[in-house]
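Student: Sequence and predicted structure are below.
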Amino acid sequence: MHELGIVFYIIRDVKKVAEENHCGHVSKVVMNIGEVSTVVPYLLTDCWDWAVKKEDLLRDSKLEIVKTPAVTFCEDCKREYETIKHGKTCPFCKGGNTYLLRGNEVEIKEIEVSGSDASATET
């Protein structure tokens with residue numbers, strides 16, 4: 001389970017942004033998680049809930065996950081399609097000259113804070 005390691009990196013980055021912006025408490029973190037990122041959302045949430053209990057700045061903060069659909073681009077016909085449904089073979093021209101456009105992201109989208117008058121965003 002690599003989700004715990006990912007949570008430690010998220011906490012590190014969130015703490016850095018919160019401290020740089022003089023935030024009192026982080027109440028929510030919103031993550032973009034691609035559907036082919038290999039991150040299991042419910043495991044990430046479970047690890048988050050365990051880890052934030054040990055951090056004063058993040059205690060009781062919530063983790064919200066926004067799933068990013070996987071989309072592939074075909075260089076032959078210049079069209080986009082759903083990666084999960086069709087894989088590396090373009091459903092339009094049947095070509096294999098394709099690459100993933102999006103869907104493997106694991107990124108902080110938004111940090112919601114209290115004890116301050118602004119929220120911080122890091123991408």
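Tutor: Good, I have the coordinates. This is a predicted model, so every value here is computed, not measured.

Student: Only the buried residues of whichever strand or helix holds residue 16, if you could.
Tutor: Secondary-structure assignment from DSSP states H and E places residue 16 in helix 3-20. The neighbour-count check on helix 3-20 (16 or more other CB atoms under 10 Å) flags 3, 6-7, 10-11, 14, 17-18 as buried. The C-beta positions use only the backbone N, C-alpha and C, and glycine is treated the same way.

Student: again, but for stretch 87-103
Tutor: Buried residues in stretch 87-103 (16+ other CB under 10 Å): 90, 98, 102-103.

Student: quick one: low-confidence parts of the chain?
Tutor: For the chain, the stretches with pLDDT under 70 are 1, 115-123.

Student: how about the strands of the chain, start to end?
Tutor: Under the criterion DSSP state E, strands of the chain are mapped to 25-34, 62-68, 71-74, 80-82, 98-102, 106-114.

Student: who are the neighbours of the second one, in terms of helices and strands?
Tutor: What it means is strand 62-68. Applying 3 or more CB pairs under 8 Å, 6 or more residues apart in numbering; DSSP states H and E, one finds that strand 62-68 makes contact with strand 25-34, helix 41-51.

Student: which of the ones you listed sits most buried?
Tutor: Ranked by mean neighbour count, the helices and strands packed on strand 62-68 are led by strand 25-34 with a mean of 20 (mean count of other CB atoms under 10 Å).

Student: Adjacent strands (with direction) for that one?
Tutor: Strand 25-34 has the following sheet partners, assigned by DSSP bridges: strand 62-68 (parallel), strand 106-114 (antiparallel).

Student: Quick check: which of the ones you listed has the most neighbours on average?
Tutor: Most buried among those, counting by mean count of other CB under 10 Å: strand 106-114, with a mean of 18.
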